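> what's the 3D shape of this:
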Amino acid sequence: MKVINDLYDYEGFKIFQDDHYFKFSLDSILLAEFVDNVDNSDTILDLCAGNGAVSLLLSYYYSNPIVAFEIQKEIYQLAQESVRYNKKEKQIKLIHDDILNLKNYFPGNNFNIIVANPPYYKYANTSLINSNQVKAIARHEITLGLEDLFQVVHYALKSKGVFYLVHLPERLEEILSLCNKYKIIAKKIQFIYTKKGKSANIVLIKCVKEAKNGVKIMPPVFIEDYKSYKNIFRK
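Sure thing, here's the model as predicted:
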C-alpha cells in the first residue's frame with residue numbers, strides 16, 4: 001500500500017513509500033548525513049536513488065543541483081511523487097534508467113560529488129532471493145554488481161572528485177580492493193553500530209579519485225545513543 005510519511009525529523013519533508021516494495025532505511029539517512037565536502041556550484045550524482053530519500057535529504061542541507069538514477073520504474077515513480085510534493089523539481093532531476101547507461105546522458109569526468117546506496121548482497125543461483133522482484137533487485141546484485149558501480153563512478157567522477165558509499169562491513173575488503181583498482185582512494189571510513197557490544201552493521205566510506213593513499217578511521221557511532229540523526233557526523 002502506498003503511503004506518505006514524514007521524512008523522519010527533517011521539518012516539512014515528506015516521502016512517498018509502498019510497503020509492497022520497500023521503505024527507505026537508516027542507511028539512506030546516514031549516507032546523506034555523511035556528505036561533507038560540498039561546493040554549492042557542484043552537481044551531485046545520486047546512484048541507485050531508490051525512492052529519492054538521499055536526494056531529498058541532500059536538498060535539505062544543500063542547494064546544489066542533484067541528478068538521481070533509479071532503474072526500477074515503480075520506485076522511480078515514488079521518487080517522482082516525493083520530489084513534486086516537496087517542490088524540489090527545479091533542484092532534483094530524476095532519471096529512470098540503468099546507471100550502466102550513464103554514458104548516454106553525461107560525458108566522462110563530469111561530477112565532483114557522487115553518492116551511492118547500491119544493492120548489498122551478491123547474487124548467485126543459490127542465493128535466497130525475495131520472490132518480490134522489486135525487493136530482490138534493491139537488495140541483491142541482480143542488475144548491478146559492486147565492480148560495475150566502481151566502473152561507473154570511475155567514468156563519471158572528476159579527478160579529485162569525491163565518492164560517498166554506504167555498504168555492509170563484511171564487504172569492506174572487496175570495496176577497498178576496487179578502490180585501489182579504479183584509483184578511487186578511500187580517505188575516511190565510518191563504522192555504524194546499532195548497539196554497543198555488537199558488530200558494526202553499516203560502513204560509510206568517503207573516497208577521492210586519484211588521491212594519495214591514507215585513510216582515516218573515524219570514532220564508532222552507536223545508533224542507540226541518538227534520538228535524531230540530523231547532523232550526526234557534525235557534532
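> ok, longest helix in the chain?
The helix of greatest length in the chain, counted in residues with DSSP state H as the criterion, is given as helix 73-85.
> neighbouring strands - and their directions - for whichever helix or strand comes after that one?
Toward the C-terminus, helix 73-85 is succeeded by strand 92-96 as the next helix or strand (DSSP states H and E). In the sheet containing strand 92-96, its partner strands are strand 66-70 (parallel), by DSSP bridges.
> what angle do the partner strand and helix 73-85 make?
Per axes from the mean of the first three to the mean of the last three Cα atoms, to 10 degrees, the angle that strand 66-70 makes with helix 73-85 is 150 degrees.
> pull strand 66-70 out as CSV, backbone CA atoms only.
Taking C-alpha atoms only, strand 66-70 is exported to CSV below (Å, rounded to 0.1, in the frame of the first residue of the first chain):
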residue,chain,number,x,y,z
ILE,A,66,21.1,16.8,-8.0
VAL,A,67,20.8,14.1,-10.7
ALA,A,68,19.4,10.8,-9.4
PHE,A,69,19.3,7.5,-11.3
GLU,A,70,16.8,4.7,-10.4
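> just checking, what packs against the longest helix of the chain?
strand 14-18, helix 53-61, strand 66-70, strand 92-96, helix 133-139 (3 or more Cβ pairs under 8 Å, 6 or more residues apart in numbering; DSSP states H and E). All C-beta atoms are positioned from the backbone trio N, CA, C, and that covers glycine.
> let's go with 10 Å and repeat that
Applying 3 or more Cβ pairs under 10 Å, 6 or more residues apart in numbering; DSSP states H and E, one finds that helix 73-85 makes contact with strand 2-6, strand 14-18, helix 53-61, strand 66-70, strand 92-96, helix 133-139.
> quick one: closest of these to residue 186.
Closest of those to residue 186 is helix 53-61, at 19.8 Å (criterion: Cβ to Cβ).
> other SSEs contacting the closest one?
strand 14-18, helix 26-34, strand 44-47, strand 66-70, helix 73-85, strand 92-96, strand 111-116.
> need the helix or strand of this structure with the lowest average pLDDT.
When the helices and strands of the chain are compared on mean pLDDT, DSSP states H and E, helix 133-139 comes out lowest with a mean of 43.
> flag every buried residue along whatever helix or strand comes next after that one.
Moving toward the C-terminus from helix 133-139, the first helix or strand encountered (DSSP H and E) is helix 146-156. Judged by neighbour count using 16 or more other Cβ atoms under 10 Å, the buried positions of helix 146-156 are 146, 149, 150, 151, 152, 153, 154, 155, 156.
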